[in-house]
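1. Got a predicted structure plus its sequence, pasted below:
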Amino acid sequence: MSKQKSIPQRDAIPQEYTWNTADLYPTDEAWKEEFQTLKTLTAQLEGYAGRLSESAQTLYDFVTLEQQAGEMLSKLMDYAQRKSDEDTRVAAYQAMVGQISTQYVELVRATAFEVPELLALPEERLEEFYAQLPELTLYRRYFHNIQRRRPHTLSQAEEQLLAAAGELSQAPDDIFSKLTDADLTFPDAVDVEGQPHPLSNGSYTLLMSSPDRALRKSAFENLYSVYGGMKNTLAATLAAQVKQLQFFSKARRYPSALAASLDGTHVPEEVYHNLISTVRANLDKMHRYVRLRKKLLGVDELHMYDVYAPMVSGVEAEIPYEQAKETVYQAVAPLGEEYQAIIREALDNRWIDVYENVGKRSGGYMSGALVHPYILLNYQDDLDSMFTLAHELGHAVHSYLSNRTQPTVYRDYVIFVAEVASTCNEALLMEHLLKQTDDKRRRAWLINHFLEQFKGTLYRQTMFAEFELRMGELAAQGETLTAELLFQEYKALNEAYFGPDMVSDPQIALEWSRIPHFYYNYYVFQYATGYSAAIALANRILTGGPQAVQDYLTFLSGGCSQDPIDLLKGAGVDMASPQPIQDALDQFGRLLDEMEELLA
């Protein structure tokens, strides 16, 4: 399927390029039937209130039923959300997402007694239960993690109240998504010859990587003119997100929203601050990259709409999806036949929704459903899209192996390690592509993309993390997060990270208004830490032999059976130290050296 001149309707996309939601439920009616079953299970779980300490069997029956309900909830949510994301304008699927979201809150409310009762259960009593019913030892780590958070757990009545408020906490993200994916429309971007190009959140990245500077400038200005028109609404939405994080962190007696977020994944706060301080100490490399970009583009002023322009011309850049599939498959060969077999299954059996259509959710993601993972793309026949495919397939294999290796209670890996597998795939793809050519210009083109990954992931995501941290700090100080304050803070960070050779156009101060990850609860820093870990792991896989590969596959199969720092140590990387971040930044410096030499 070739690149589209206009964005097609959903029914115009060939079936083989769409994901198969029938693997979850054959029909909407089947979904509705299981939804009713979940409601029944929820009521059954509520009947265990006050009983968890009565016997080992009662506790075991409760947690196994809870896991069953959790799996059912996840499957129902997967189907509703995947169908909704196919076309965010369809009211029926919006309603289904709303229904299952409400039921999720009801399930949390119905089991709110669990944590207080487990906290009241003495360690000696639990040990007696393990001895009486050895099957219960499967949940030892699960129970330990609950008891570890004793200082942040409230009474049963308070827990039920917080659970009931959970649905409200999802509102900022839901409002942002509906506004930006379904309601906002953008005027066409216009190229140097006056020809229009459809502009959407999905096509924006492609337009910004065009060699046509007039088209890039038009896309940049037109996109932000629409976001600017909604600036106060978007600022209020983001402020509501920050406030709800503060509310829940204060209610649970955490010193900050950041502390609450990281405690949930067992990641020390120092990791977050180490990232920012280490990247801040290496901004000279980013400024050097900006100077190189300005020189190679041959412009008097480098603007923000020049950030994604190709620095190397004369290289064939169109990569059809079918070509990308095979290239990615070959690139992951160092990970062995088992890994490649999972990739082949994903590529050939409709795990992936490939192309953009009208109303489709923008961007790309992977959802690790138990039947098999699902991947959403908005593929644009370019190098970035091929790397996105590799990225999401990394997530998919991670979920696939964890789902099949770990019991239900330990299947879901925490977000700190989530970006490692995806970015490791990207690093392997880059190494594969570099090995395929001795042509200096093509090699420079590829290294340019590698530099872009470092810039976009290690630097840009750290800038996002610093902005998110700053928002939390300002809100904690009682500041109102107005559009003007957000403009000011974001523009200052942009100027610091990009340096004096970049013109920080006024529109870039609006960039915060279109970043969905600011609604993900201190998520973005993990792109940068994950990238650093992935670079280290890819280098180890390529040089460490079979043991390095086995260590990595063991990590992918680990789920949440260990703390994330320990899982990564087992794979050969210590993220409690800033060293992997510094090593990745040093590699960025070496790539700059090679780029300058190739294009001297």
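-> That came through fine. Residues are numbered from 1 along each chain as shown.
2. how many neighbours does Pro211 have?
-> 11 (other Cβ atoms under 10 Å). C-beta here means a position set from N, CA and C on the backbone, and glycine is covered the same way.
3. So it: helix, strand or coil?
-> Taking DSSP: H, G, I helix; E, B strand; the rest coil as the rule, one finds Pro211 in the coil state.
4. what is the rounded mean pLDDT of stretch 266-286?
-> When pLDDT is averaged along stretch 266-286, the result is 96.
5. For it, buried residues please.
-> 266-267, 271-272, 274-276, 278-279, 282-283, 285-286 (16 or more other Cβ atoms under 10 Å).
6. Of those residues, just say which sits nearest to Gln582.
-> Taking Cβ to Cβ as the measure, Gln582 lies nearest Thr278 of the buried residues of stretch 266-286, at 5.8 Å.
7. For that closest one, which three-state class applies?
-> Secondary structure, three-state DSSP: Thr278 is helix.
8. thought it was touching Ala584?
-> No: with contact defined as Cβ atoms under 8 Å, Thr278 does not reach Ala584; the gap is 9.5 Å.
9. I'd like the buried residues of stretch 266-286 as a markdown table, with distance to Asp78 and secondary structure appended.
-> Shown next, in a markdown table, are those (distance: Cβ to Cβ, whole Å; DSSP: H, G, I helix; E, B strand; the rest coil):
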| residue | distance to Asp78 | secondary structure |
| --- | --- | --- |
| His266 | 26 | coil |
| Val267 | 26 | coil |
| Val271 | 30 | helix |
| Tyr272 | 30 | helix |
| Asn274 | 35 | helix |
| Leu275 | 31 | helix |
| Ile276 | 34 | helix |
| Thr278 | 37 | helix |
| Val279 | 35 | helix |
| Asn282 | 40 | coil |
| Leu283 | 41 | helix |
| Lys285 | 41 | helix |
| Met286 | 39 | helix |
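10. Quick one: low-confidence residue ranges for the protein.
-> 1-5 (pLDDT under 70).
11. how about 50 then?
-> The model of the chain has pLDDT under 50 over residues 1-4.
12. Strands along the stretch 201-350 of the chain, start to end?
-> Ranges of strands in the stretch 201-350 of the chain, per DSSP state E, counting those that start in this stretch, are 302-303.
13. Actually, the chain.
-> 189-190, 196-197, 302-303, 352-353, 365-367, 374-376, 502-503 (DSSP state E).
14. Single out the most deeply packed of those.
-> Ranked by mean neighbour count, the strands of the chain are led by strand 352-353 with a mean of 26 (mean count of other Cβ atoms under 10 Å).
15. just how off-centre is that one within its chain?
-> 17 Å (Cα atoms, centre = their mean, to the nearest Å).
16. Point out the other helices and strands that that strand packs with.
-> Helices and strands touching strand 352-353, by 3 or more Cβ pairs under 8 Å, 6 or more residues apart in numbering; DSSP states H and E, are helix 56-86, strand 374-376.
17. Swap in 10 Å and give it another go.
-> helix 56-86, strand 374-376, helix 383-405 (3 or more Cβ pairs under 10 Å, 6 or more residues apart in numbering; DSSP states H and E).
18. For the second one, which helices and strands make contact with it?
-> Under the contact criterion of 3+ Cβ pairs under 10 Å, 6+ apart, the helices and strands touching strand 374-376 comprise helix 56-86, helix 337-348, strand 352-353, strand 365-367, helix 383-405.
19. Recalculate using a threshold of 8 Å.
-> helix 56-86, strand 352-353, strand 365-367, helix 383-405.
20. What of the last one?
-> Using 3+ Cβ pairs under 8 Å, 6+ apart as the contact definition, the elements that helix 383-405 packs against are helix 321-331, helix 337-348, strand 365-367, strand 374-376, helix 415-435, helix 440-453, helix 545-556.
21. one more time with 6 Å
-> helix 321-331, helix 337-348, strand 365-367, helix 415-435 (3 or more Cβ pairs under 6 Å, 6 or more residues apart in numbering; DSSP states H and E).
22. nearest to Glu34, of those?
-> Minimum separation from Glu34 across the helices and strands packed on helix 383-405 (Cβ to Cβ) falls at strand 365-367, 17.5 Å.
23. Pull the residues that contact the closest one.
-> Asp78, Pro373, Tyr374, Ile375, Leu376, Glu392, His395, Ala396 (Cβ atoms under 6 Å, 6 or more residues apart in numbering).
24. give the contact list for the fifth one.
-> Neighbouring residues of Leu376 by Cβ under 6 Å, 6+ apart: Asp353, Gly364, Tyr365.
25. what does the third one give?
-> Contacts for Tyr374 were tallied using Cβ under 6 Å, 6+ apart; they are Trp19, Arg82, Ser367.
26. Report the separation between the last one and Ser210.
-> Taken as Cβ to Cβ, to the nearest Å, the spacing of Ser367 relative to Ser210 amounts to 31 Å.
27. Likewise for Gln195?
-> 12 Å.
28. Ala163 too?
-> 48 Å.
29. between the contacts of Leu376, which is closest to Phe450?
-> Nearest member of these to Phe450, counting by Cβ to Cβ, is Gly364, at 19.3 Å.
30. what's the neighbour count on that closest one?
-> With other Cβ under 10 Å as criterion, Gly364 counts 19.
31. and what of Arg213?
-> The tally of other residues near Arg213 (other Cβ under 10 Å) stands at 16.
32. That one and Asn357, how far apart?
-> From Arg213 to Asn357 the distance is 29 Å (Cβ to Cβ).
33. Around Ala251, how many other residues sit close by?
-> Ala251: 16 surrounding residues under other Cβ under 10 Å.
34. Val420 now?
-> 31.
35. still on that earlier bit, quick one: closest of the strands of the chain to Asp566.
-> Of these, nearest to Asp566 by Cβ to Cβ is strand 365-367, at 23.8 Å.
36. Relative to that closest one, what are the paired strands and their orientations?
-> Within its sheet, and counting by DSSP bridges, strand 365-367 is paired with strand 374-376 (antiparallel).
37. before we move on, the earlier item: more crowded one of Gln195 and Ser210?
-> Ser210 (18 against 11).
38. most packed of the helices and strands packed on strand 374-376?
-> When the helices and strands packed on strand 374-376 are compared using mean count of other Cβ under 10 Å, strand 352-353 is most buried, at a mean of 26.
39. Domain-wise, how is this structure divided?
-> 10-169, 255-317+415-600 (automatic domain parsing).
40. Return the most buried member of those domains.
-> domain 255-317+415-600 (a mean of 19).
41. what about that one, distance to the chain center?
-> 13 Å.
42. What of stretch 207-217?
-> Counting by Cα atoms, centre = their mean, stretch 207-217 is centred 27 Å from the centre of its parent chain.
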